[in-house]
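J.: Structure of the sequence below:
(chains A and B)
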2 protein chains.
Amino acid sequence: MKLDVFFSTAGLAPQEVAGRPVFVVDVLRATTVICAALYHGAKGIVPVASVDEASRMAQTLGPEDVILMGERNSEPIEGFALGNSPLEMTEPAVRGKTLIMSTTNGTRALLATQGASEVYVAAAANLALAGARARQLLHTGKDLVILCAGKEGRFGLDDAYAAGRLALEAIEGRRRRKGLNDAALVSVDLARRFKTWERPLTLSAAGRQLAKLGMGADVADAARENAYPVLPVFRDRRITTAAVA
Amino acid sequence: MKLDVFFSTAGLAPQEVAGRPVFVVDVLRATTVICAALYHGAKGIVPVASVDEASRMAQTLGPEDVILMGERNSEPIEGFALGNSPLEMTEPAVRGKTLIMSTTNGTRALLATQGASEVYVAAAANLALAGARARQLLHTGKDLVILCAGKEGRFGLDDAYAAGRLALEAIEGRRRRKGLNDAALVSVDLARRFKTWERPLTLSAAGRQLAKLGMGADVADAARENAYPVLPVFRDRRITTAAVA
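T.: Presented below is the predicted three-dimensional model:
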């Protein structure tokens, strides 16, 4: 068994994800938002690196079924229909639509998974489903990666806690910690220390920044475990809902 | 008060260290080795990025008082007099000498501090002295950085624990955690969880790798708190012993 956690995409080498299943975590807020959007009927989400690319992609796909959404420094992007709040991803807003998503850290993490065998999106919002898939993959001998988006290439408490909760789901029932890398060991520790999501999310720099910007409700929403039970899978540049056994 | 821990140099932006005092931590083994060498009478240590640069520097400084030391993938470098073990830094070997040091992660971290107001070297070996200086700096209103060398740009449990122990020394007596970044919060947690150095060092990937290479004695030596009580300061490309009040 091998389970590696990476606290950010900085310094990540392509061979570390090559051929392995990867779970991307950006609980505040990109991966929570993805779960919320798919749960409420979005057809798919296309993460793009830049605002320009978002506009080009919208033209390519045809504007009628497409919505631009995302953030820069946590704030909505001018000219985009939606920001990066899970609370905006209501059924009337997203059902049947394809979302073109441009966020700072979450998008970077998704795009850093190139070469992975499969890529899933995880958050508190889909912990049980993501955890079940991770456990299944470990049981079949796969070497898992949990990739935290982090904050501008750095450690984020919110994502580290989420990685720990997911890792605990994945290794459930196993007592040995032998295949965990140093970051996974610490994540699992964190997951044991905080029993619920509220505290690590509100303590984290990302959570404090959102609270300061008046987006504390997003933090509270991101802390709701299994609030949006879907398993998003990222394949061919597009995130859709994976079939769950 | 502001105390930032960075778990590795990957993604570190120059403005994050600019004008701030920085403590560099690479407990397995570079910063432990530096403490051991200075404690046993080395005149100074010059960290260099490459083996070639080490040879050039030795020629520039004149070969008689100079010793080449370092490692690549934890192993001694061919043609170098000393490896990267604190146990090699005996008084007969190093007294009065200048060491040209080339190590993988520790050197990179030292060289990443460019622009800092002052740079110290910390390890278990000099915890009390480094901690006292850090506390002093915080008390005079300085914003501290603890920079972990990490392992190939990634999180290392050994350095994160050391950062936490140092942070606890620095903030001693303060109850509020407000000025700590996410990585500092987690480091302090780790420091509280493991009371002594042995366990986090032997659990860490770096510690396990050294044990596998037959260098378990180095790990045990690096775990000896205050074994080499000196305060190394890095200034004008050279590490020497700082005066301690």
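J.: how about the residue nearest in space to the middle of chain A, phi and psi?
T.: Centroid check for chain A by C-alpha atoms, centre = their mean gives A:Thr31 as the closest residue, at 3.0 Å. Here is the backbone geometry of A:Thr31 (degrees, to the nearest 10): phi -80, psi -30.
J.: same thing with A:Val46?
T.: Main-chain dihedrals, A:Val46, degrees, to the nearest 10: phi -110, psi 110.
J.: Would you mind measuring from the residue lying closest to the residue nearest to the centre of chain A once chain neighbours are set aside to A:Cys148?
T.: Excluding its sequence neighbours, the residue lying closest to A:Thr31 (C-beta to C-beta, 6 or more residues apart in numbering or on different chains) is A:Ala123, at 4.2 Å. (C-beta placed from N, C-alpha, C; glycine too.) To A:Cys148, A:Ala123 is 11 Å away according to C-beta to C-beta, to the nearest Å.
J.: Those two: which is more packed in?
T.: Counted by other C-beta atoms under 10 Å in any protein chain shown, A:Ala123 and A:Cys148 do not tie: A:Ala123 has more neighbours, with 36 against 28.
J.: Quick check: pLDDT value at A:Gly70.
T.: Note on A:Gly70: pLDDT of 93.
J.: Now do stretch A:204-224: distance to the chain's middle.
T.: The chain centre lies 16 Å from the centre of stretch A:204-224; the measure is C-alpha atoms, centre = their mean, to the nearest Å.
J.: So that stretch, near chain B or not?
T.: Yes: Stretch A:204-224 lies within reach of chain B by C-beta under 8 Å from any C-beta of the partner chain, at A:Ser204, A:Ala205.
J.: tally of neighbours for A:Ala217?
T.: 13.
J.: Tell me how far it lies from A:Leu166.
T.: Distance from A:Ala217 to A:Leu166, counting by C-beta to C-beta: 24 Å.
J.: again with A:Phe23
T.: With C-beta to C-beta as the criterion, A:Phe23 and A:Leu166 are 6 Å apart.
J.: which neighbours do these two share?
T.: A:Ala122, A:Ala130, A:Ala134, A:Ile146 (C-beta atoms under 8 Å, 6 or more residues apart in numbering or on different chains).
J.: Please give me every residue in contact with the second one.
T.: A:Ala130 sits next to A:Phe23, A:Tyr120, A:Val121, A:Ala122, A:Ala123, A:Leu166, A:Glu169, A:Leu231 when contact means C-beta under 8 Å, 6+ apart.
J.: next one: the first one
T.: With C-beta under 8 Å, 6+ apart as the criterion, the residues that contact A:Ala122 are A:Phe23, A:Val24, A:Val25, A:Thr31, A:Ala130, A:Ala134, A:Ile146, A:Ala162, A:Leu166.
J.: Now the two most distant members of the residues you listed.
T.: With C-beta to C-beta as the measure, no two of the contacts of A:Ala122 lie farther apart than A:Thr31 and A:Ala134, at 14.0 Å.
J.: returning to what we had before: which of the contacts of A:Ala122 fall within helices?
T.: Under the assignment DSSP state H, those contribute A:Thr31, A:Ala130, A:Ala134, A:Ala162, A:Leu166 to helices.
J.: gap between the fourth one and A:Leu201?
T.: Just to be clear, that refers to A:Ala162. A:Ala162 is 9 Å from A:Leu201, by C-beta to C-beta.
J.: who has more neighbours, those two?
T.: Just comparing A:Ala162 and A:Leu201: by other C-beta under 10 Å the higher neighbour count belongs to A:Ala162, 33 against 27.
J.: Chain A against chain B: which residues are in contact?
T.: A:6-8, A:10-11, A:13, A:151-158, A:160, A:181-183, A:185-186, A:189-190, A:193, A:203-205.
J.: of all the shared contacts of A:Phe23 and A:Leu166, which comes closest to chain B?
T.: Distances from chain B to the shared contacts of A:Phe23 and A:Leu166, taken as C-beta to the nearest C-beta, are shortest for A:Ile146 (12.5 Å).
J.: my guess is that closest one meets A:Phe6, correct?
T.: Yes: applying C-beta atoms under 8 Å, one finds A:Ile146 in contact with A:Phe6, separated by 7.4 Å.
J.: If any of the residues of chain A next to chain B are buried, give me the ChimeraX selection for them.
T.: Only the buried entries of the residues of chain A next to chain B go into this ChimeraX selection, using 16 or more other C-beta atoms under 10 Å in any protein chain shown:
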select /A:6,7,8,10,11,151,153,154,155,156,157,158,160,181,182,183,185,186,189,190,203,204,205
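J.: In strands, which of the residues of chain A next to chain B appear?
T.: A:Phe6 (DSSP state E).
J.: Only C-alpha atoms, please: export stretch A:107-116 in PDB.
T.: Output of stretch A:107-116 as PDB, limited to C-alpha atoms (Å, rounded to 0.1, in the frame of the first residue of the first chain):
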ATOM      1  CA  THR A 107      -7.700  24.800 -11.300                       C
ATOM      2  CA  ARG A 108      -4.000  24.600 -11.000                       C
ATOM      3  CA  ALA A 109      -4.200  21.400  -9.000                       C
ATOM      4  CA  LEU A 110      -6.600  19.800 -11.500                       C
ATOM      5  CA  LEU A 111      -4.300  20.700 -14.400                       C
ATOM      6  CA  ALA A 112      -1.300  19.300 -12.500                       C
ATOM      7  CA  THR A 113      -2.700  15.800 -12.600                       C
ATOM      8  CA  GLN A 114      -1.700  15.200 -16.200                       C
ATOM      9  CA  GLY A 115      -0.500  11.600 -16.600                       C
ATOM     10  CA  ALA A 116      -2.600  10.300 -13.700                       C
END
